[in-house]
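K.L.:
no sequence for this one, just the structure:
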Ligand SMILES: [Zn+2]
């Protein structure tokens, strides 16, 4: 049976951690499309599983807390650093 892209993304996120960029590259679609998929997945993933967002830690030590957005943070609110590592996604 052929899996849909959303089913494939769910399987990948159950297996490991992925960034938005990596998912977009893997499926050769825009990040916008992956964000739409993730918003759908986060509503449909069966409890007690859930889609988790692991935000980056900035060089200055700033940690993003409780990210709810699937787009990567563009810069650090404390030191304005724009070279943050991408956040990682996973289903647990
Ligand atoms: Zn910073």
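P.N.:
It's in. Just so it is clear, the structure is predicted and the values come from calculations on it, not from any experiment.
K.L.:
how near is residue 53 to the ion?
P.N.:
18 Å (C-beta to the ion, to the nearest Å). C-beta coordinates here come from the backbone N, C-alpha and C atoms, glycine included.
K.L.:
how about that residue, what does it touch?
P.N.:
Residue 53 makes contacts with 67, 68, 69, 70, 87, 88, 89, as judged by C-beta atoms under 8 Å, 6 or more residues apart in numbering.
K.L.:
nearest residue to it in space, please, no chain neighbours.
P.N.:
Closest residue in space to residue 53, ignoring its immediate chain neighbours: residue 67 at 4.5 Å, by C-beta to C-beta, 6 or more residues apart in numbering.
K.L.:
please verify my assumption that the one you found contacts residue 87.
P.N.:
Yes: the pair residue 67 / residue 87 is scored as a contact, 6.2 Å apart, by C-beta atoms under 8 Å.
K.L.:
more crowded one of the two?
P.N.:
More crowded of residue 67 and residue 87, by other C-beta atoms under 10 Å: residue 87, with 19 against 15.
K.L.:
follow-up on the earlier one: among the contacts of residue 53, who's most crowded?
P.N.:
Going by other C-beta under 10 Å, residue 89 tops those with 24 neighbours.
K.L.:
pairing partners for it in the sheet, please.
P.N.:
Residue 89 forms beta bridges with residue 18, residue 53, as assigned by DSSP bridges.
K.L.:
tell me, what's touching residue 67 and residue 87 both at once?
P.N.:
53, 55, 73.
K.L.:
ok, the last one - contacts?
P.N.:
Neighbouring residues of residue 73 by C-beta under 8 Å, 6+ apart: 55, 56, 64, 67, 84, 87.
K.L.:
rewinding a little: sec struct for the residue nearest to residue 53, please.
P.N.:
At residue 67 the chain is in coil, as set by DSSP: H, G, I helix; E, B strand; the rest coil.
K.L.:
can we start the residue count at 455 from this point?
P.N.:
Done: numbering now begins at 455, and the last item shifts to residue 521.
K.L.:
contacts only, for it.
P.N.:
Neighbour list for residue 521: 507, 509, 527, 541 [criterion: C-beta under 8 Å, 6+ apart].
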